[in-house]
Structures are given as C-alpha cells and as structure tokens.
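**Q** output the structure for:
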Amino acid sequence: MEYANPNVLVDTKWVEEHINDNNVRIAEVDYDPKTNYFLGHIPNSVLFDWKNDINDPTTRNILSKESCLNLLQKSGINQDTTVVLYGDFNNWFAAFAFWVFEYYGIKNLKIMNGGRKKWLEEDRSISKEVPTFPTGNITPSEPNINLRAFLDQVKESLESEKTVRVDVRSPQEFSGQITAPPEYPTEHAQRGGHIPGSANIPWGKAVNEDGTFKSADELYDLYKAQGITPEKEVITYCRIGERSSHTWFVLKHLLGYKDVKNYDGSWTEWGNMIANPIEK
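**A** Below is the predicted model of the structure:
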C-alpha cells in the first residue's frame, strides 16, 4: 500500500536540489523563529511566523483571506509556484500552514518529510540570510469550509454515528491529568479531559524516530484499529489545532480519507466553554 497522494511529500535531498529553483518557494514555519529560523535555515527559504503570520493578530482565528494573499505574494509566490513547507516541532506548524493554505484554495503544496530536525541532523547547509523576492501573483480563493470544524459542528457530531473524533494529544492530556504539555505552560484550559467518545491516537504515533511519516500500511492499521476508517467523517483536534493539523494531513493526504476536518478551536475552546460535556 502506497500513500494516497505521495506528491504532497518531498525529502530533504529533493529540497536541496531545488533551493535555487525559481518555480519553488521553500518556507520555514516556526512557533519560535528566534530559536530556529534566525539561527539558520534552509538557504533561500522564507519565514512564516506561525503566531504572527498564519494566525490573526487580534481575534482567535486563522489569518484572513486578504492577509493570506499579502503573505504569499510578498514571499514571491505565483499561481504556478510549488510551495514547500517545513518547520520545527516535527512539522506541526508546517502542517497547520498547509491546512490553512489549502483552506484558501492554494495548490501545489508540499511538506518536507522530517522537517527542520531532519535537515539539521543530515548536516545540510544552512543560512542566516533572509531572502527577498519579487511580488508574486497568487490569489487565494474563498474558504473551503469542508476542511474545518467549528464548535457547533463538533457538538452535533456527538449525536452522529457517522462522525468520529480523533484526539491527537498525549494520554495525560486525554485523561485530564494535565491540561497542556510542558512546552506550552501558559495555554491551559479550565478543565482537563477530552470530548466525549473521542479516540486517543497521539500524533507522534504517525511518525518514525527521525520525524518522517510512517508507511501507508502502518498508518492505515494505526487508525483502523480505533475505528477511524475512510467512509466516516473525521474531526481531528488537539489543544490549539497544530498537532491535529498534522493528523489531518496524514488522514486526508497520505491515506486519502475523503472527509477530514481540523477543529482548530480544539481543547482550549472546548475545555473553556460553559457546560460543554467532558470525559476523563
């Protein structure tokens, strides 16, 4: 069994060979650019700051269509440009950016398998130079709402046998033992636990030691074992939506599931809402 869509992945060697390709734009997506991108990045790669570029600076939301246009055009991205995303934290934030850009209809998106960690471990070249490019002509489209789940949809899914929810957080978060992992001590919810009836399949089970994705056979067996099968509507969630976008990418693109939505409100929304049902 092969990946349903192998074209969404490229390896580090491919990226190295296309660093100076005018039809390819490489972008590092970081949670903390100061300790990543600005210390050294893939030569000719631009920075997408997850907090400031991919999210709205004021409201709890992803960036607007207009902001998406500005971000991509100032990065020199045209309609026919291949966009390769990679980043820190095993590509969590790169996967989130992939989901956001696909939400706005951007084509030719790829993720560098293994992310920043694999590039550095292979001792490939890095640069501190911040490149600039001529303004691109890419134009986002209206949002594809079929890729995103909102609070009311998740509540409605509790009554549906056709919908399954995948909680990709750690078992300690799922059980309510903790409300946030150590890396994010300030991003808590008022209550711990999980959305009723959810399957707990931590995002990390989908990757190998080096951060690359497991084979399609391994991935299919992983999700099938907990009833996450292709004919169902699947809603993925975590705490702020970045780890769940990683699992969304696996299910939708690597396994080819037809109906997969990322609930980016995730536990910081669900666990803070008055009267929301919670299981521990």
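**Q** mind checking the end-to-end distance for stretch 76-95?
**A** With Cα to Cα, to the nearest Å as the measure, stretch 76-95 spans 20 Å from end to end.
**Q** and stretch 57-65, by the same measure?
**A** 14 Å.
**Q** then stretch 84-104?
**A** By Cα to Cα, the extent of stretch 84-104 from end to end equals 16 Å.
**Q** can you start the count at 12 instead of 1 from here on
**A** New numbering, starting at 12: the last item is stretch 95-115.
**Q** how about that stretch: buried residues?
**A** 95-115 (16 or more other Cβ atoms under 10 Å). Quick note: C-beta positions are derived from backbone N, CA and C, even for glycine.
**Q** contacting residues around N47?
**A** With contacts defined as Cβ atoms under 8 Å, 6 or more residues apart in numbering, N47 is in contact with 39, 41, 98-99, 127.
**Q** so of those, which ones are in strands?
**A** 39, 41, 98 (DSSP state E).
**Q** turn the residues you listed into CSV, columns for distance to G147 and pLDDT.
**A** Supplementary listing: those in CSV, determined by distance: Cβ to Cβ, whole Å; pLDDT from 0 to 100:
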residue, distance to G147, pLDDT
E39, 18, 98
D41, 21, 97
G98, 21, 97
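**Q** out of these, which one sits closest to N66?
**A** Set against N66, the nearest of the ones in strands among the contacts of N47 by Cβ to Cβ is D41 (12.8 Å).
**Q** for the closest one, which non-adjacent residue is spatially closest?
**A** Spatial nearest neighbour of D41, chain neighbours left out: N47 (4.6 Å); criterion: Cβ to Cβ, 6 or more residues apart in numbering.
**Q** next one: V165
**A** Excluding the flanking residues, the one nearest V165 by Cβ to Cβ, 6+ apart is Y274, at 5.5 Å.
**Q** next, the distance between the ends of stretch 208-223.
**A** End-to-end for stretch 208-223, by Cα to Cα: 29 Å.
**Q** please apply the same query to stretch 221-231.
**A** Length of stretch 221-231, first residue to last, Cα to Cα: 20 Å.
**Q** buried ones in that stretch?
**A** By neighbour count with 16+ other Cβ under 10 Å, stretch 221-231 contains the buried residues 222-225, 227, 230-231.
**Q** mean confidence score for the helix ranked longest in the chain?
**A** Secondary structure of the chain read by DSSP state H shows that its longest helix is helix 103-114. For helix 103-114, mean pLDDT is 98.
**Q** which stretches of the stretch 112-261 of the chain form helices?
**A** For the stretch 112-261 of the chain, the helices defined by DSSP state H, counting those that start in this stretch cover 126-132, 162-168, 182-186, 227-235, 253-260.
**Q** helix 253-260 and the fourth one, what's the angle between them?
**A** Helix 227-235 and helix 253-260 meet at an angle of 120 degrees, taking axes from the mean of the first three to the mean of the last three Cα atoms, to 10 degrees as the criterion.
**Q** all strands of the chain, in order?
**A** Secondary structure of the chain (DSSP E): strands at 20-21, 35-41, 57-60, 93-98, 120-123, 174-178, 210-211, 244-248, 271-273.
**Q** from the buried residues of stretch 221-231, which is closest to K263?
**A** K263 lies nearest to L230 out of the buried residues of stretch 221-231, by Cβ to Cβ, at 11.8 Å.
**Q** contacting residues around T174?
**A** The neighbours of T174, taking Cβ under 8 Å, 6+ apart as the test, are 168, 243-246.
**Q** just K45 next, same as before
**A** Applying Cβ under 8 Å, 6+ apart, no residues contact K45.
**Q** and the gap between it and D99?
**A** Separation of K45 from D99 (Cβ to Cβ, to the nearest Å) stands at 11 Å.
**Q** do S255 as well
**A** 17 Å.
**Q** quick revisit: so which of the helices of the stretch 112-261 of the chain comes closest to S78?
**A** That would be helix 253-260 among the helices of the stretch 112-261 of the chain, by Cβ to Cβ, at 18.0 Å.
**Q** deepest in the core, which of the helices of the stretch 112-261 of the chain is it.
**A** Mean neighbours per residue, mean count of other Cβ atoms under 10 Å, is largest over these for helix 253-260, with a mean of 29.
**Q** give me the residues contacting that one.
**A** With contact meaning Cβ under 8 Å, 6+ apart, helix 253-260 is reached by 19, 42, 61, 100-104, 106-107, 109-110, 122, 158, 177, 179-180, 212, 214, 217, 247-249, 271-275, 277.
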